[in-house]
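J.: Sequence and predicted structure, then a few things I'm wondering about:
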Amino acid sequence: MDTTPKIKKTPQQQASMDQQSTQSGAVVGSNDTLLTEILLRLPVTSILRFKSVSKHWYSLLSHRHFTHRYDTPSKSPGVFARDKYIPFDAEDPNTPPVDTLNSYIDSFTSVSVLQSCNGLLLCCTDQWPKIRKSGNKYYVFNPTTKQLALIPSVLGGLKARKTIRFMGLAFHQTDCVHYKVVCIRNVLSYVDSYQVQVYSSDTREWKVSTESFSATKPVFFSQGVYWKGAVYWAPYYENSDHLYFKIDAEQAEQQLGTLPLPVGLTSSKIMTMYFGESRGHLHLILHMDRGDDSLLLNVYEMMSDHSGWFVKYQVQLGELLCAFPEMVSEDRYDFKVIDVVRGEEEGDSFVVLKTSKRIITYNVHDKSFKLVLSFAGHSYEGSLVFHRYIETLSLF
């Protein structure tokens, strides 16, 4: 029990304290530098709410200087499964950015996420049977700010829209501040000849970047990841063309390059389990049928000069079998790698795994794991495509 005598303030003393508090608030409110340093420490939900305080606060919180500093320590609190959000930390779930994407994009059609890129989502609506007449509609959506943009149709009309083989998003708060959409389409249906078009949110126009190039197989377009000025496609089984496309290369012959494989591996021996980027690092996980070693994962990282891969992490998942026996079925592994998330501190990095019954995170350093979601009673079971959510205040 607190027995300290309480001193009662006189009305004059209370009024003086209130005046000092008001003056302090006025000093903070009029000093943008001090105000910025305070606001940078607040959660994104508070930032979005404080935009409505005044026109000055809205301008301050929407300025690229503030949004870039706020986004620099990128936060990856969860993933989208289909159009629904799943937080990584089930014990302390953050506020979902959206309940479902349909409610913001088009409630009358099915919405699919094609790609997540540093906080922005590239989405596509399926409009059967209308799609046969008009083609898919593509949107860029920021689930943090709820900003939405409809992407205009590619050059070439309906005929070109029906030959699209890949649509990918390129965005980064420093090296690609105006997002771009990369489209690859068939030029001729009877040969593997392709054209590249790029849409810029700065000019709001499509431009043909590569008039025509050939590839041995079209399957390499199925996974595209933006990293350091280029879109990379994941290496696939028996596919010799592991390409990347430099978005801002001035000459056509400099736009397309070949992605190397890890030393000692050939296309005929690999199958991509995971291909993605986190905090400026490009990661690759390959599956090779190695019997008892199927639960040992090598997480490769691309060298900064794009010249090759090195093993960043070796993850032994055999230790998880007691807790999650469904990871092995009929003497073969039965799980998928959803994501590789680099932490702000190296010790906070983890991989996200999906088994037939649940989603879990596994820390690559201390080997701890957390249950994210059990599929019992949920509609996520069987969903094969997941896309990371990253908080970003960037506007377009």
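T.: Arrived safely, thanks for sending.
J.: low-scoring stretches of the stretch 251-396 of the chain, by residue?
T.: For the stretch 251-396 of the chain, applying pLDDT under 70 flags the ranges 251-254, 267-269, 288-294, 377-384.
J.: what about the strands in it?
T.: Secondary structure of the stretch 251-396 of the chain (DSSP state E, counting those that start in this stretch): strands located at 256-258, 271-278, 281-287, 296-302, 309-316, 328-329, 332-333, 336-341, 350-354, 358-363, 369-374, 386-389.
J.: Within the helices and strands, which one has the residue nearest the centre of the chain?
T.: The structure's the chain has its C-alpha centroid closest to residue 116; by CA atoms, centre = their mean the separation is 3.5 Å. Using DSSP states H and E, the element containing residue 116 is strand 110-117.
J.: what helices or strands is that strand leaning on?
T.: Using 3 or more CB pairs under 8 Å, 6 or more residues apart in numbering; DSSP states H and E as the contact criterion, the elements in contact with strand 110-117 are strand 120-126, strand 164-172, strand 386-389. For every residue, glycine as well, the C-beta is placed using N, CA and C.
J.: and the longest one with strand 271-278, angle?
T.: In this case it means strand 164-172. Interaxial angle, strand 164-172 versus strand 271-278 (axes from the mean of the first three to the mean of the last three CA atoms, to 10 degrees): 30 degrees.
J.: got it, and the first one?
T.: For the pair strand 120-126 and strand 271-278, the angle between their directions (the same axes, to 10 degrees) equals 130 degrees.
J.: quick check: mean pLDDT across strand 120-126?
T.: Taken as a whole, strand 120-126 has an average pLDDT of 88.
J.: about what we covered before: using JSON lines, lay out the strands of the stretch 251-396 of the chain together with distance to residue 224 and mean neighbour count.
T.: As requested, the strands of the stretch 251-396 of the chain are arranged in JSON lines below (distance: least, CB to CB, whole Å; neighbours: other CB atoms under 10 Å):
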{"stretch": "strand 256-258", "distance to residue 224": "13", "mean neighbour count": "14"}
{"stretch": "strand 271-278", "distance to residue 224": "9", "mean neighbour count": "19"}
{"stretch": "strand 281-287", "distance to residue 224": "12", "mean neighbour count": "21"}
{"stretch": "strand 296-302", "distance to residue 224": "15", "mean neighbour count": "19"}
{"stretch": "strand 309-316", "distance to residue 224": "18", "mean neighbour count": "14"}
{"stretch": "strand 328-329", "distance to residue 224": "30", "mean neighbour count": "14"}
{"stretch": "strand 332-333", "distance to residue 224": "26", "mean neighbour count": "13"}
{"stretch": "strand 336-341", "distance to residue 224": "16", "mean neighbour count": "23"}
{"stretch": "strand 350-354", "distance to residue 224": "20", "mean neighbour count": "23"}
{"stretch": "strand 358-363", "distance to residue 224": "24", "mean neighbour count": "21"}
{"stretch": "strand 369-374", "distance to residue 224": "26", "mean neighbour count": "16"}
{"stretch": "strand 386-389", "distance to residue 224": "12", "mean neighbour count": "23"}
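J.: Which one of those strands lies nearest to residue 177?
T.: Proximity of the strands of the stretch 251-396 of the chain to residue 177 was assessed by CB to CB; the nearest stretch is strand 271-278, lying at 16.9 Å.
J.: Distance from the chain centre to that closest one, please.
T.: In this view, strand 271-278 has its centroid 12 Å away from the chain centroid, taken as CA atoms, centre = their mean, to the nearest Å.
J.: How about residue 369: what's its closest non-neighbour residue?
T.: If the residues on either side of it in the chain are set aside, residue 369 comes closest to residue 362, at 4.7 Å by CB to CB, 6 or more residues apart in numbering.
J.: Tell me how far the one you found lies from residue 346.
T.: When distances are taken as CB to CB, to the nearest Å, residue 362 and residue 346 turn out to be 15 Å apart.
J.: Quick check: phi and psi at residue 104.
T.: The phi and psi values for residue 104, taken as degrees, to the nearest 10, are phi -110, psi -30.
J.: please renumber so the chain begins at 41
T.: Shifting the count to begin at 41 puts that one at residue 144.
J.: Would you agree it is in contact with residue 186?
T.: Yes: using CB atoms under 8 Å as the test, residue 144 is close enough to residue 186 to be in contact (6.1 Å).
J.: any residues in contact with both of the two?
T.: Between them, residue 144 and residue 186 have residue 138 as joint contacts when contacts are counted by CB atoms under 8 Å, 6 or more residues apart in numbering.
J.: Summarise which helices and strands the longest strand along the chain is packed against.
T.: For the chain, the strand reaching the highest residue count under DSSP state E is reported as strand 216-228. The helices and strands touching strand 216-228, judged by 3+ CB pairs under 8 Å, 6+ apart, are strand 177-182, strand 204-212, strand 233-240.
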